[in-house]
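Trainee: I need the structure of the sequence given here:
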Amino acid sequence: MALTVGFDLDMTLLDTRPGIKATYQVLAAETGARIDADLAVSRLGPPLTHELAHWFPADQVERVADRYRELYREHAVSGSLELPGALAAVAAVRAVGGRVLVITGKYEPNARLHLEAIGLEVDALVGDLWAETKGDALREHGAGVYVGDHLGDVRGALAAGAVAVGVATGPYGPAELTAAGAHTVLNDLTEFPAWLTAHLAG
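Mentor: Have a look, this model is predicted:
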């Protein structure tokens with residue numbers, strides 16, 4: 001069976017914080033809500049509705065989420081940056097004949113815009129999943145490895161019986177990712193090609 005590797009998107013492949021912050025600022029101006037955009041982008045990972053629940057009444061969250069996703073297309077995609085080693089990590093999987101997945105909590109159409117913007121072609125993209133629910137998609141696509149920056153990503157990998165590769169480019173450091181059950185932790189994705197070579201050899 002061919003190697004299949006899954007990657008998270010936010011703070012794993014891309015630094016989406018500048019664009020997300022800008023989107024929250026526009027949303028706040030439009031709705032009149034007080035949103036601490038810096039705080040919001042410091043805790044990326046859980047579903048959008050979890051974050052919006054901090055700033056809006058429960059009966060408004062779904063409607064506001066729809067508006068956020070509309071604003072996101074205009075304000076967030078072009079402001080995001082490739083994290084160090086992201087494209088090289090994907091290329092390393094391709095170089096050994098592997099398949100590449102992106103499994104993210106982000107709204108899938110917006111996630112696809114990000115991939116198109118940086119020219120990243122993947123074999124499958126699955127959005128709107130978080131923590132253990134990512135494990136369902138990993139199993140469905142036969143992924144043996146999942147790479148992510150969040151403790152929820154580690155939980156998703158473990159739920160699928162996949163190798164959990166933590167990358168310390170998000171809100172958690174190596175010790176926290178290891179304590180959550182990551183099999184290995186990288187400082188960033190520039191270390192991934194060497195790890196993959198060793199993993200396949202051993």
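
Trainee: any idea how far the residue of the chain most remote from its centre is from residue 125?
Mentor: Computed with C-alpha atoms, centre = their mean, the maximum C-alpha offset from the centroid of the chain is found at residue 32, amounting to 28.8 Å. Using C-beta to C-beta, to the nearest Å, we find residue 32 at a distance of 34 Å from residue 125. Yep, even glycine has a C-beta here, placed from its N, CA and C like the rest.

Trainee: for residue 175, same thing?
Mentor: Counting by C-beta to C-beta, the gap from residue 175 to residue 125 is 31 Å.

Trainee: Which one's more surrounded, these two?
Mentor: Neighbours per residue (other C-beta atoms under 10 Å) separate residue 175 from residue 125, with residue 125 holding more: 20 against 10.

Trainee: Direction included, what does the least confident helix or strand in the chain by mean pLDDT pair against?
Mentor: Among the helices and strands of the chain, strand 81-82 carries the lowest confidence by mean pLDDT, DSSP states H and E, at a mean of 93. The pairing partners recorded for strand 81-82 under DSSP bridges are strand 14-15 (antiparallel).

Trainee: packing partners for the next helix or strand along the chain from the strand it pairs with?
Mentor: Scanning forward in sequence from strand 14-15 by DSSP states H and E, the next helix or strand is helix 17-31. Using 3 or more C-beta pairs under 8 Å, 6 or more residues apart in numbering; DSSP states H and E, the elements in contact with helix 17-31 are helix 37-41, helix 61-75.

Trainee: Looking at those, which is nearest to residue 109?
Mentor: helix 61-75 (7.9 Å; C-beta to C-beta).

Trainee: how about the helices in the protein?
Mentor: For the chain, applying DSSP state H gives helices covering 17-31, 37-41, 48-52, 61-75, 86-95, 108-118, 132-140, 151-159, 174-179, 192-201.

Trainee: Tabulate those (a markdown table), appending distance to residue 2 and mean pLDDT.
Mentor: What follows is these, written out as a markdown table (distance: least, C-beta to C-beta, whole Å; pLDDT from 0 to 100):
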| stretch | distance to residue 2 | mean pLDDT |
| --- | --- | --- |
| helix 17-31 | 33 | 97 |
| helix 37-41 | 36 | 97 |
| helix 48-52 | 33 | 97 |
| helix 61-75 | 33 | 97 |
| helix 86-95 | 10 | 97 |
| helix 108-118 | 21 | 96 |
| helix 132-140 | 15 | 97 |
| helix 151-159 | 18 | 98 |
| helix 174-179 | 27 | 98 |
| helix 192-201 | 12 | 98 |
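
Trainee: is it possible to export the ones you listed to JSON lines including distance to residue 102?
Mentor: JSON lines is the format used below for the helices of the chain (distance: least, C-beta to C-beta, whole Å):
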{"stretch": "helix 17-31", "distance to residue 102": "17"}
{"stretch": "helix 37-41", "distance to residue 102": "20"}
{"stretch": "helix 48-52", "distance to residue 102": "17"}
{"stretch": "helix 61-75", "distance to residue 102": "17"}
{"stretch": "helix 86-95", "distance to residue 102": "9"}
{"stretch": "helix 108-118", "distance to residue 102": "7"}
{"stretch": "helix 132-140", "distance to residue 102": "10"}
{"stretch": "helix 151-159", "distance to residue 102": "12"}
{"stretch": "helix 174-179", "distance to residue 102": "19"}
{"stretch": "helix 192-201", "distance to residue 102": "15"}
